[in-house]
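Asks: coords please:
(one chain, ligands or ions: 1)
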Amino acid sequence: MSFAKLKATRQVKQSYVTSNTLPTSPESSAVPSEAVHQHAEQTENIYKSIPEYLEIRTSPTSGRGLWTTKPCNPGQVILAVKPHAAALSNERLDLHCSQCFGEGNHASLKRCTKCQAVYYCDSTCQNADWPLHKNECVALQRILASGETSIPSEAIRCLGRIMWKRQKQGPLSAWTREIDLLQSHTKDIEPAAYELHAHLAISLVRYLGLSSPSEIASFGMASGADLANFVSRFVTNTFTITDPSLTPLGVSVSPPVALINHSCDPNAVVVFPRSRPNTQEPLMQVIALRDIVAGEEILTAYIDTTLPKALRQASLRETYLFSCACALCTSAAPVDPRESVWCPKACGGMCPTPTEENSLSQCTKCRAVLQKTDEVLDAVRIGQQALDKATLLQFSDPAKSKQLSSKLVPILASAGATPSSHPLLALTRLHTALLIADLHHPQSQSQSDAPTTPTPTPTEAQAALDEAIVAATKAVAGLEGVLRYGHPVRGIARAELGKLLAVDEPAPRAPGTAAEEALRYPPSGVKRLRLALETLVQARGELGVGFGPPNEGGVVGRSVRDDIVRLERELAVWKKGLGEALRDAKEAKTGLS
Ligand SMILES: C[S@@+](CC[C@H](N)C(=O)[O-])C[C@H]1O[C@@H](n2cnc3c(N)ncnc32)[C@H](O)[C@@H]1O
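Replies: Numbering: from 1, shown residues only. You can find the predicted model right below:
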């Protein structure tokens with residue numbers, strides 16, 4: 001697996017949960033309580049950042065994990081820690097501060113004058129990062145002076161930071177021991193993963209400037225085997241750092257958070273709401289997604305749980321080397337929204353998506369048999385191919401990517417795929433993101449197209465805005481079917497929809513008859529503003545859970561709050577204007593009579 005793919009996997013290391021069709025009993029109950037025991041004292045005591053009410057226990061199925069000894073409410077911050085090490089992705093280096101990961105730009109950020117590769121908010125951030133950047137700066141200068149045109153990937157730079165810090169802290173420090181206790185899978189890795197591990201190890205040795213294997217001893221490692229273990233620990237335990245709207249920014253390693261095991265039906269999520277002073281950022285926060293009872297294991301999702309079981313299992317096996325037996329993976333529910341098509345008799349029920357192996361499918365509500373199996377199978381197959389291609393092209397050729405998603409979304413929908421089903425939901429989300437990006441940069445187009453596109457007319461701009469609203473509405477509907485209330489991904493998608501609805505209409509439609517208006521989506525004028533307000537209020541509620549009430553929904557939650565205030569004012573003006581217009585009309589009528 002390439003690191004890009006690994007990154008893509010980790011970037012969705014958030015929890016995604018199905019709706020209330022799943023049992024709500026603690027998943028930890030799957031492990032007999034006598035089999036779960038507190039971890040040996042020597043490891044438990046070193047994790048100083050873990051609050052007292054969390055216990056490290058081990059289970060025969062998943063190794064060490066974190067258990068809570070007191071109940072947690074939805075939105076509660078269970079754990080908040082600054083990662084042991086973090087590195088911005090290469091394409092983000094000149095857009096974010098390398099110390100606090102705060103957003104800036106070329107002009108506002110200060111560049112390191114020596115390596116010219118990293119940027120900071122100001123001298124406070126630069127000074128705070130200097131103890132680590134000191135070594136990094138020399139390594140980067142050496143790499144660039146050697147004729148390399150680009151600097152090493154974030155994975156290598158993050159590994160380098162860990163190596164230099166462990167050299168400073170010493171092998172017996174709690175910091176180093178926490179790193180050394182991270183789970184390693186060196187002995188179990190599949191041949192397919194050798195390439196990634198070997199590539200990381202070789203690149204790291206080069207980056208550190210080591211010329212012989214013996215030099216590794218200065219980092220507290222005895223042999224190449226230690227280095228292989230170190231790389232394996234990194235692959236199994238990295239987290240993607242995201243911005244407050246969940247866009248990936250880079251990689252990080254946090255041993256306390258890495259103690260948390262996986263479930264495709266998790267009770268907690270890991271987010272970076274950015275609510276603290278810069279010196280504490282990027283702060284990782286583990287937030288409860290639902291009520292968690294005392295004695296229950298804290299579980300997050302390592303992968304995108306909007307995916308169907310086979311894809312989730314493949315991804316977990318490939319990177320984390322285990323088969324998931326969580327409530328969702330072992331569910332006996334007759335249909336999973338991730339793999340579903342609408343009832344052929346339109347009774348409102350769903351049928352499981354047919355497969356090559358099992359083409360017989362019936363509505364789980366009215367038992368009607370799905371006849372157009374081949375059409376569904378074909379649509380899912382070409383939908384998956386288009387999704388893979390569109391995902392690959394989304395940054396290099398967004399117009400081509402959009403072309404693919406706009407073609408396949410209606411094909412899947414007309415084959416009967418439900419909004420939460422795969423690959424329709426993934427294509428809808430990608431399509432929405434591309435349409436929103438186009439609203440910001442309408443000139444973005446296929447590389448093969450003409451060099452410029454004229455500025456859209458108000459009517460074209462209105463059509464583009466309305467198209468984005470329709471796509472965002474479908475994405476929210478799809479996510480609602482597979483993610484729990486308050487999930488950050490759901491909250492952000494709803495906030496995006498609310499913000500789109502709140503945009504000033506470039507060319508509002510003339511009102512039609514009441515019947516016409518009732519059928520039109522999105523609505524126009526004041527009706528649109530009311531829908532925007534309603535959507536933003538719902539988004540604020542969800543973001544309040546997913547990013548934790550103390551963080552007020554993170555940066556996005558706080559901007560949604562400001563949008564709500566603005567919309568309430570705007571609607572009050574409309575109401576007042578409407579009242580005055582009605583009064584004037586009444587007075588004019590009275591004057592006339
Ligand atoms: C980030 S670590 C989690 C902490 C780890 N259990 C430990 O002892 O350090 C990820 C690894 O834990 C194990 N793991 C996590 N969740 C699991 C699950 N649901 N079932 C089985 N193993 C799991 C796998 O070996 C996986 O590669």
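Asks: which bits of this protein sit near the ligand?
Replies: Contact residues, the chain versus the ligand (CB under 6 Å from any ligand atom): 61-65, 183, 236-237, 258-259, 261-263, 320-322, 324. All C-beta atoms are positioned from the backbone trio N, CA, C, and that covers glycine.
Asks: just the ones of the residues you listed in helices?
Replies: Secondary structure from DSSP state H places Thr236, Asn237, Ala258, Tyr320 of these in helices.
Asks: in the stretch 1-150 of the chain, which spans are helices?
Replies: Per DSSP state H, counting those that start in this stretch, the stretch 1-150 of the chain carries helices over the ranges 3-11, 41-44, 123-145.
Asks: chain center to the longest one, what's the gap?
Replies: Per CA atoms, centre = their mean, to the nearest Å, the displacement of helix 123-145 from the mean C-alpha position of its chain is 29 Å.
Asks: could you do stretch 571-578 as well?
Replies: Between the centre of stretch 571-578 and the centre of its host chain there is 39 Å, according to CA atoms, centre = their mean.
Asks: got it, and stretch 353-366?
Replies: The chain centroid and the centroid of stretch 353-366 are separated by 31 Å under CA atoms, centre = their mean.
Asks: in that stretch, what's buried?
Replies: Thr353, Pro354, Ser361, Gln362, Cys363 (16 or more other CB atoms under 10 Å).
Asks: how about the longest helix anywhere in the chain: buried residues?
Replies: In the chain, with assignment by DSSP H, the single longest helix is helix 554-592. Using 16+ other CB under 10 Å as the burial criterion, the residues of helix 554-592 that qualify are Gly554, Val555, Val556, Gly557, Arg558, Ser559, Val560, Arg561, Asp563, Ile564, Leu567, Glu570.
Asks: and that helix, what does it pack onto?
Replies: Under the contact definition 3 or more CB pairs under 8 Å, 6 or more residues apart in numbering; DSSP states H and E, helix 554-592 sits against helix 488-502, helix 525-546.
Asks: between it and helix 488-502, how big is the angle?
Replies: Interaxial angle of helix 554-592 relative to helix 488-502 (axes from the mean of the first three to the mean of the last three CA atoms, to 10 degrees): 30 degrees.
Asks: what domains does the record give for the protein?
Replies: Domains of the chain are assigned by automatic domain parsing as 1-89+153-331, 334-455.
Asks: mind checking the end-to-end distance for the last one?
Replies: Meaning domain 334-455. 51 Å (CA to CA, to the nearest Å).
Asks: follow-up on the earlier one: just give me the closest of the buried residues of helix 554-592 to the ligand.
Replies: Minimum distance to the ligand across the buried residues of helix 554-592 is 23.7 Å, recorded for Gly554 (CB to the nearest ligand atom).
Asks: my read: the closest one touches Leu543, true?
Replies: Yes - contact status for Gly554 versus Leu543: in contact at 6.6 Å, counting by CB atoms under 8 Å.
Asks: and the closest residue to the ligand within the stretch 451-593 of the chain, helix, strand or coil?
Replies: Per CB to the nearest ligand atom, Arg484 is where the stretch 451-593 of the chain lies closest to the ligand, at 17.8 Å. Following DSSP: H, G, I helix; E, B strand; the rest coil, Arg484 is assigned to coil.
Asks: verify the stated contact: it with Arg290.
Replies: Yes - assessed by CB under 8 Å, Arg484 is found in contact with Arg290 at 6.4 Å.
Asks: neighbour-wise, which of those two wins?
Replies: Taking other CB atoms under 10 Å, Arg484 and Arg290 do not tie; Arg484 has more neighbours (25 against 18).
Asks: and that one, how far from Val537?
Replies: For Arg484, the distance to Val537 equals 19 Å [CB to CB, to the nearest Å].
Asks: next: Gly63.
Replies: The gap separating Gly63 from Val537 is 42 Å, by CB to CB.
Asks: more neighbours: the two, which one.
Replies: Val537 (16 against 12).
Asks: please identify which pair of the ones in helices among the residues of the chain next to the ligand lies farthest apart.
Replies: Ala258 and Tyr320 (11.2 Å; CB to CB).
Asks: hang on, the earlier thing: can you lay out the ones in helices among the residues of the chain next to the ligand as JSON lines showing distance to Phe272, neighbour count and pLDDT?
Replies: Output for these, formatted as JSON lines (distance: CB to CB, whole Å; neighbours: other CB atoms under 10 Å; pLDDT from 0 to 100):
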{"residue": "Thr236", "distance to Phe272": "20", "neighbour count": "18", "pLDDT": "93"}
{"residue": "Asn237", "distance to Phe272": "17", "neighbour count": "20", "pLDDT": "96"}
{"residue": "Ala258", "distance to Phe272": "15", "neighbour count": "22", "pLDDT": "98"}
{"residue": "Tyr320", "distance to Phe272": "21", "neighbour count": "19", "pLDDT": "93"}
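Asks: for the ligand, state which of the residues you listed is nearest.
Replies: Nearest to the ligand among those is Tyr320, at 3.5 Å by CB to the nearest ligand atom.
Asks: so who does that closest one touch?
Replies: By CB atoms under 8 Å, 6 or more residues apart in numbering, the contact set of Tyr320 is His185, Thr236, His262, Tyr302.
Asks: count of residues packed around the residue lying closest to Cys366 once chain neighbours are set aside?
Replies: Excluding its sequence neighbours, the residue lying closest to Cys366 (CB to CB, 6 or more residues apart in numbering) is Cys347, at 4.3 Å. Residues lying near Cys347 (other CB under 10 Å) number 13.
Asks: what sits against Cys347?
Replies: Contacts of Cys347 (CB under 8 Å, 6+ apart): Cys363, Lys365, Cys366, Ala368.
Asks: go again using 10 Å as the cut-off
Replies: Cys363, Lys365, Cys366, Arg367, Ala368 (CB atoms under 10 Å, 6 or more residues apart in numbering).
Asks: farthest pair in those?
Replies: Farthest apart among these by CB to CB are Lys365 and Ala368. That separation is 8.6 Å.
Asks: what sits in contact with each of those two?
Replies: Each of Cys343, Lys345, Cys347, Gly349, Cys351 lies in contact with both Lys365 and Ala368 under the rule CB under 10 Å, 6+ apart.
Asks: out of those, which is nearest to the ligand?
Replies: Comparing the shared contacts of Lys365 and Ala368 against the ligand with CB to the nearest ligand atom places Cys351 closest, at 29.5 Å.
Asks: pretty sure the closest one is in a strand, no?
Replies: Yes - assessed with three-state DSSP, Cys351 lies in a strand.
Asks: isn't it up against Val369?
Replies: Yes - counting by CB atoms under 10 Å, Cys351 does reach Val369; the two are 8.4 Å apart.
Asks: related to what we said a few turns ago, and the domains of the chain, which one averages the lowest pLDDT?
Replies: Here the lowest mean pLDDT among those goes to domain 1-89+153-331, at a mean of 84.
Asks: which element is the residue lying closest to Asp243 once chain neighbours are set aside on?
Replies: Among residues not flanking Asp243 along the chain, Leu249 sits closest, at 5.5 Å (CB to CB, 6+ apart). Using DSSP states H and E, Leu249 sits in strand 248-253.
Asks: now do that strand: which elements does it pack against?
Replies: helix 3-11, strand 85-88, helix 154-169, helix 224-237, strand 238-242 (3 or more CB pairs under 10 Å, 6 or more residues apart in numbering; DSSP states H and E).
Asks: within its sheet, name the partner strands of that strand and how each one runs.
Replies: Strand pairing for strand 248-253, determined by DSSP bridges: strand 85-88 (antiparallel), strand 238-242 (antiparallel).
Asks: using a markdown table, lay out those together with mean neighbour count.
Replies: Converted to a markdown table, the strands paired with strand 248-253 look like this (neighbours: other CB atoms under 10 Å):
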| stretch | mean neighbour count |
| --- | --- |
| strand 85-88 | 26 |
| strand 238-242 | 25 |
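Asks: can you pull the buried residues of stretch 459-475?
Replies: Neighbour counts over stretch 459-475 (16+ other CB under 10 Å) mark 461-462, 464-469, 471-475 as buried.
Asks: tell me which residues in stretch 335-351 are buried?
Replies: For stretch 335-351, burial by neighbour count (16+ other CB under 10 Å) applies to 335-344, 349-351.
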